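1. With the sequence up front, the predicted model follows.
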Amino acid sequence: MTLTHPVPEQSPEASLHASIPQPEWMPLDGLIQSWADFAHETTSAAGLFAASAAFAALACESSALAAYLDAEDYHSRHGASWSHHIQASQRETLTQLSTACQHWIEVELWLSRCTLVHDFADGQVPDLVHGLGGHEMYLFRLFLRVLEEAATESGEPLRVLVGHLAVRDCCAVRDLEVGP
C-alpha cells in the first residue's frame, strides 16, 4: 500500500523560481582554450575580431568573479552584511557580467561574418556558435542570481524596471544601482 500526501500548491512565481536552477560560477579554462585554439587557427579579420571580443568577455567574467569573491571575503571577515565595500563589489560584479554579455553579443556578430567567408578553422566556428547561446543564457541567469543576492543582502525590496528590450540587449545594464 502506498501512502500519498497532498502536495501544497505553489504560486506561479514560486514554481518558476524553483524550476530555474541557480547557476554557479564556472571555471573558464576550457572556454579560454577553445578561443585560443580558434584565434591561432583563424585566417580572417572577422575571426580575429571574434576572438578579441571573446577574450574581452572572458576578462570581464574573471573580473566579475574577483569582485564577487571580494564581497564574500569582506562579509566573512567583517560580518558586515550591507557595507559600502560590499555594495561596491556587488555593483562591480553586476557591471562586469553585463559588459561580458555585451562582448558575447559582439562575438556573435563577428562569428556570423566568419561563416560568410568560410573561416571555419577546422570546424571550430560551428562548435563555438553552438556553445555561445548556452553560455549567454548561463551569464544571464548568473546575473539574475547575483542581483537577487544583492537585494537579499540589502534587506530592501528589489525594484526591477521592466521595459521593451531587443533580444540582443537582454544583459545590458546601464546606471545600475543596487542598495537600500
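-> Great, that's in hand.
2. Residue 60: what's it in contact with?
-> Contacts for residue 60 (CB atoms under 8 Å, 6 or more residues apart in numbering) come out as 96, 97, 99, 100, 103. C-beta: built from backbone N, CA, C; applies to glycine.
3. Out of the residues you listed, list just those in helices.
-> In helices, judged by DSSP state H, the following of those are found: 96, 97, 99, 100, 103.
4. And residue 5, what's its pLDDT?
-> What the model reports for residue 5 is a pLDDT of 38.
5. Same question for residue 178.
-> Each residue has a pLDDT score; the one for residue 178 is 50.
6. Which of the helices or strands spans residue 59?
-> Per DSSP states H and E: residue 59 is located in helix 45-78.
7. Could you do residue 152 as well?
-> For residue 152, the host element (DSSP H and E) is helix 124-154.
8. which helices and strands sit right next to that helix?
-> helix 29-41, helix 45-78, helix 84-116 (3 or more CB pairs under 8 Å, 6 or more residues apart in numbering; DSSP states H and E).
9. how about the ones you listed in TSV, adding mean pLDDT and distance to residue 152?
-> Below are the helices and strands packed on helix 124-154 laid out as TSV (pLDDT from 0 to 100; distance: least, CB to CB, whole Å):
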stretch	mean pLDDT	distance to residue 152
helix 29-41	91	29
helix 45-78	93	12
helix 84-116	89	11
